[in-house]
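Novice: Sequence first, then the predicted structure, then my questions.
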Amino acid sequence: MSDGFSLQGRVLSLCQDAERLRAQLTGNERSVDVADALPLRDRVSTDEITPAWACYYFDATLARYCLVGLAGGVVEAGEVERGGFDVLVAGESFGYGSSRETAPFSLKAAGIRLIIAASVEKIFLQNCQNLGVYVSTDFGLLPRLLRGERIETSELVRGLDGLAKDVVEAGGLFAYNARRLQGRVPKAPPRAAVRPMTLVEKLIAAHVVGEGGALGVPSVAPGESYFVRADLRFSHDYVTAMADALFRQGFGEDAPVAEPASLVLFRDHLTLLGQALTPRHRELKLYDHALELKRAQERFAERHGVRLFDEVAGPTGPQSYGICHNVVLDELGLPGTVIIGTDSHTCTAGALGALAFGVGSTDMANAFFTRDARLRVPETVKVELLGALPPGVSAKDAMLRLLSTPEARSGAFRARVLEFGGPGLTSLNLDERATLTNMAVEASAFTGIVPFDERARRELSARRGTLLSESPCADADAQYAAVVTLSLSEVEPMVALPGDPRNGVSLRESQREGAVRLDIAYGGSCTGSKATDIDAYAAVLGAGLGAGRRVADGVRLFIQLGSLQIRKYAEERGYLELFERAGATVLEPACGACIGSGPGISTREDEVTVSAVNRNFPGRSGPGRVYLASPWVVAESALSGYLAAPSAAALAQGGRQ
C-alpha cells in the first residue's frame, strides 16, 4: 500500500435522503459536504453492499453490483463504478451482517480506497484490512481531503494496534503474511503475568501460535492480537471458489493445504436454487454460476484431498448432506477447540464451549496454508440467564428480546464475546443454546459461547455415540466488560419487524394495529431447522390437525430439515407425514431462502413472510417484508394466516423439549 492517501476522485456519502444520494450517483453533485448529507445511513448490511445473488461472482464483475442492494433500490448497477468515487462515507455499523468478503471486494473493485464511517462491523473491518482498503471513523479527515491534503498512513492506522496495524501498513494480509512466513515479523511475546481469564481468553491463550509454531501462552488480555491455530476450518459452496482463487494467488498454484483432515467443505448454500429461480436469477444466469461454484469447490477438494460434504442421493433426488452449522454442531465440532468458517454464523458452534467465529475469504485462504487465523483478544460480556422459558417460548424469542435491549442498540456488544451462563442455562438444551450463540453476531458481537457443562456433555455424547469430556470454564474472578441479566421466565413470544433483527417487539405489541396477514411461513435455516425446532413445528401442526386445522388458505408453509441426521430424527417420529398432512412443504437440508436461493423467498414487494431465520435485511429473502419469529410462532401463524402465538393445545402437545 502506498504511503498515505489523497483524494483522486469523488466522495460518496450514503445519506438517507434518496434524492441527494441519487444526485451524487448521477454526477450532479461532485462531493457532498457531510453536514449536508446528514443523516447518514446506519447499519448498511453486507446484503445491501452485495446482494446474495451478486455473490455468485468473485472477480471484478462485483464492481458492477456494488451497493445495488441498498434499501430503497436507490443504486443501479454500475453507478458506483462509473461515478469515480474513491471515498465512501456512512453512519453506524457499516458492513453489518454476513462475513462475505464480496462486499469490501466490490467496493474496492468499484474504486473505493477509503471508507469513513461512524463505526464499522468487526468482520467487515478485518476483511477491508486484509484487502488493503483503508477504514477510519475520523470524519475530520473529509474536509482535509476535499481541500487537497494528503493523509499520512500513520493517521489512517490511528487507533489500531498489534496485527491490525501491521497488516494495514503492509498493504493487506497476503503482503503481511509473506513477511511472516519469511520470519521477518516478530512473534508476539507471551505475557509475563498470569491473570484470571474468561472462557474465550483461555481458549485463545491455549491456541496462540508462538515461536517455531509452538502453541500456547500463559495468559492473554483484551486488546492484544495474535495468530491462533484453528482445530477445525470449514468453507461452503458460496465462498470456496473465491477463497481458492485468493489462496493460489497468494501462495502459488502448487501450494498445499496444511493438514487437510482438519478442513471440511460443504455444498449447502445453493443446492435448492434450481427450485426457485426468479427472473433476476435467469437474467444473470445465476444457476450456471452456481454450478460453476460447485465445480470449483469439487476441484479444490479433489486437488487437496479435503473432505466435501456434497450432495447425496435423497428420496426425491440429490440433496445436501446438511447445513454447515448444523453438521458442525451435531457431528464435527469439539469443546475447547478453535473453529473458523467462511460464514458469520460459525459462532453457532460456540454452544459446544468452542471458540467459533466467522472469517472472510482472504483469512480462510491464509488459513488453508497455515491453519492460523488472526484475532484481537475481545472483551467479554457475561449474559446471566435466570429462570426458565415458559412453554411455547424459545431461545429465538430470548435472542430477539436481547437484541432489542438498549445495550444492544447502543453497541455495547459490538466486537465483544457474549458468554451465556447463569442458573437459567441448565434449562436450555444444546439446540437452544446453539440458537443463542448463532444469533450473537446479530448483536454485532464477535462470537457467542456457552460453557460446556454436564447437560451439554450428555446430549452431545448421545448424538455422537461417544463419551466427550467437559471443556474449560472461566475463572471465578475473570474480568468482564459488562454483565447483562436476562430473565428467561419473563420472555414472551417475540417478532422482529421487517428490516433488522434488532427490531424486536413482543408479538402482542406487533398486533396493536391489527392482525399482520401472511403469504409465506418459513421454518428453516441454521437457526430454525435443528431437532428441537422440528419438535416445535410438529407440536403446533399436530395440535392443529387434532382440531381439524391445516395451513391457512393463501399461505405457503415451508419446513426445512437441517441435516440428514435431523431428517432421520424427523422420520423416526413420523413428523414428515404429519407435516404433509398439515399442508406444509418439506425442504431437504440446505440454506435456501435464508439467502434468497431456494423455495420460500418472496417475489413481490407486497408479500409478507414470517420466518425462523436469523436475518431479515432488506432484499435478503426476496423483495417482500420479513418478520422474524420462533419456530412455534412460524407454525401457528401458518395455521392462522396471520402472526399468532402457539395455541394452548400446541403447548399441551409439545411441552418443553
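Specialist: Ah, there it is. Only a predicted model underlies this, so the values are computations on that prediction, with no experimental measurement involved.
Novice: lowest confidence element among the helices and strands of this structure?
Specialist: When each helix and strand of the chain is scored by mean pLDDT, DSSP states H and E, strand 317-320 comes last, with a mean of 68.
Novice: next helix or strand past that one?
Specialist: helix 324-327 (DSSP states H and E).
Novice: Other residues contacting stretch 176-188?
Specialist: Stretch 176-188 has contacts (Cβ atoms under 8 Å, 6 or more residues apart in numbering) with 162-163, 166-167, 170, 208-211, 217, 224-226, 250, 366, 370. In this view, the C-beta of every residue, glycine as well, is placed from N, C-alpha and C.
Novice: How much space separates residue 552 from residue 636?
Specialist: Separation of residue 552 from residue 636 (Cβ to Cβ, to the nearest Å): 11 Å.
Novice: More neighbours: which of these two?
Specialist: The residue with more neighbours, out of residue 552 and residue 636, is residue 636; 31 against 18, by other Cβ atoms under 10 Å.
Novice: does that one belong to a helix or a strand, and which?
Specialist: Following DSSP H and E, one finds residue 636 within helix 631-640.
Novice: Check which helices and strands that helix sits against.
Specialist: Using 3 or more Cβ pairs under 8 Å, 6 or more residues apart in numbering; DSSP states H and E, the elements in contact with helix 631-640 are strand 520-523, helix 531-546, strand 556-560, strand 608-611, helix 648-654.
Novice: Mean neighbour count, those: which tops it?
Specialist: For these, the largest average neighbour count (mean count of other Cβ atoms under 10 Å) is found in strand 520-523, namely a mean of 30.
Novice: who touches that strand?
Specialist: 528-529, 533, 537, 551, 555-560, 593, 600, 602, 607-613, 621, 624, 631, 634-635, 637-638.
Novice: Could you check how many residues crowd around residue 310?
Specialist: Other residues near residue 310 come to 18 when the count uses other Cβ under 10 Å.
Novice: for the residue lying closest to it once chain neighbours are set aside, what are its contacts?
Specialist: Closest residue in space to residue 310, ignoring its immediate chain neighbours: residue 267 at 5.1 Å, by Cβ to Cβ, 6 or more residues apart in numbering. With contact set as Cβ under 8 Å, 6+ apart, residue 267 has these partners: 236, 237, 294, 297, 308, 309, 310, 311, 320, 321.
Novice: next one: residue 564
Specialist: Taking Cβ under 8 Å, 6+ apart, we find residue 564 in contact with 312, 319, 321, 322, 589.
Novice: mean confidence score for whichever helix or strand the first one is part of?
Specialist: Using DSSP H and E, residue 312 sits within strand 311-314. The pLDDT scores in strand 311-314 average 72.
Novice: low-confidence ranges in the stretch 151-300 of the chain?
Specialist: Residues of the stretch 151-300 of the chain meeting the criterion pLDDT under 70: 187-190, 192.
Novice: where exactly do the helices run in it?
Specialist: For the stretch 151-300 of the chain, applying DSSP state H, counting those that start in this stretch gives helices covering 153-156, 162-170, 173-181, 199-207, 240-251, 279-283, 286-304.
Novice: Could I get these in TSV, plus columns for distance to residue 405 and mean neighbour count?
Specialist: Formatted as TSV, the helices of the stretch 151-300 of the chain follow (distance: least, Cβ to Cβ, whole Å; neighbours: other Cβ atoms under 10 Å):
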stretch	distance to residue 405	mean neighbour count
helix 153-156	34	16
helix 162-170	29	19
helix 173-181	35	19
helix 199-207	21	24
helix 240-251	35	22
helix 279-283	37	12
helix 286-304	38	17
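Novice: Of all those helices, which one is nearest residue 359?
Specialist: Ranking the helices of the stretch 151-300 of the chain by proximity to residue 359 (Cβ to Cβ) places helix 240-251 first, at 9.5 Å.
Novice: tell me which strands and helices that closest one is in contact with?
Specialist: Packed against helix 240-251, as judged by 3+ Cβ pairs under 8 Å, 6+ apart, are the following elements: helix 173-181, helix 286-304, helix 361-370.
Novice: Those helices: which one's closest to residue 119?
Specialist: In terms of Cβ to Cβ, the element of these nearest to residue 119 is helix 361-370, at 20.8 Å.
Novice: can you give me the angle that closest one makes with helix 286-304?
Specialist: For helix 361-370 against helix 286-304, the angle by axes from the mean of the first three to the mean of the last three Cα atoms, to 10 degrees is 20 degrees.
Novice: Next secondary structure element downstream of helix 361-370?
Specialist: Scanning forward in sequence from helix 361-370 by DSSP H and E, the next helix or strand is strand 372-376.
Novice: Pairing partners for that following strand, with directions?
Specialist: strand 225-229 (antiparallel) (DSSP bridges).
Novice: who's in contact with the partner strand?
Specialist: With Cβ under 8 Å, 6+ apart, strand 225-229 has contacts from 161-164, 188, 204, 207-209, 215, 220, 338, 355, 370-377.
Novice: Need the buried ones from those residues selected in ChimeraX.
Specialist: Here is the ChimeraX command that picks out the buried ones among the contacts of strand 225-229, judged by 16 or more other Cβ atoms under 10 Å:
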select :162,163,164,188,204,207,208,209,220,338,355,370,371,372,373,374,375,376,377
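Novice: in the stretch 1-150 of the chain, which spans are strands?
Specialist: 5-6, 10-13, 85-90, 114-117, 134-136, 150-151 (DSSP state E, counting those that start in this stretch).
Novice: For the last one, name the packing helices and strands.
Specialist: Translated: strand 150-151. By 3+ Cβ pairs under 8 Å, 6+ apart, strand 150-151 packs against strand 5-6, helix 141-146.
Novice: Over the longest one, what's the mean pLDDT, rounded is fine.
Specialist: What that stands for is helix 141-146. 93.
Novice: Show the contacting residues for residue 528.
Specialist: With Cβ under 8 Å, 6+ apart, residue 528 has these contacts: 396, 522, 560, 611, 612, 613, 631, 634.
Novice: farthest pair in those?
Specialist: Among those, 396 and 560 lie farthest apart (Cβ to Cβ), at 14.8 Å.
Novice: my read: residue 100 touches residue 51, true?
Specialist: No. Counting by Cβ atoms under 8 Å, residue 100 does not reach residue 51; the two are 10.3 Å apart.
Novice: Mind checking which of these two has more residues around it?
Specialist: Neighbour count, other Cβ under 10 Å: between residue 100 and residue 51, residue 100 has more, with 31 against 23.
Novice: that older thread, ranking by neighbours, what's the top pick from the contacts of residue 267?
Specialist: Counting neighbours by other Cβ under 10 Å, residue 320 leads the contacts of residue 267 with 30 neighbours.
Novice: Bridging across strands, which residues link to it?
Specialist: On the basis of DSSP bridges, residue 320 is bridged to residue 311.
Novice: Return the residues in contact with it.
Specialist: Here residue 320 is in contact with 266, 267, 268, 271, 309, 311, 312, 588, 589, 590 (Cβ under 8 Å, 6+ apart).
Novice: picking up where we left off before, the helices and strands packed on strand 150-151 into TSV, with extra columns for distance to residue 135 and mean neighbour count?
Specialist: Output for these, formatted as TSV (distance: least, Cβ to Cβ, whole Å; neighbours: other Cβ under 10 Å):
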stretch	distance to residue 135	mean neighbour count
strand 5-6	11	18
helix 141-146	11	17
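Novice: Tell me which of the ones you listed approaches residue 64 most closely.
Specialist: Comparing the helices and strands packed on strand 150-151 by Cβ to Cβ, strand 5-6 comes nearest, at 24.8 Å.
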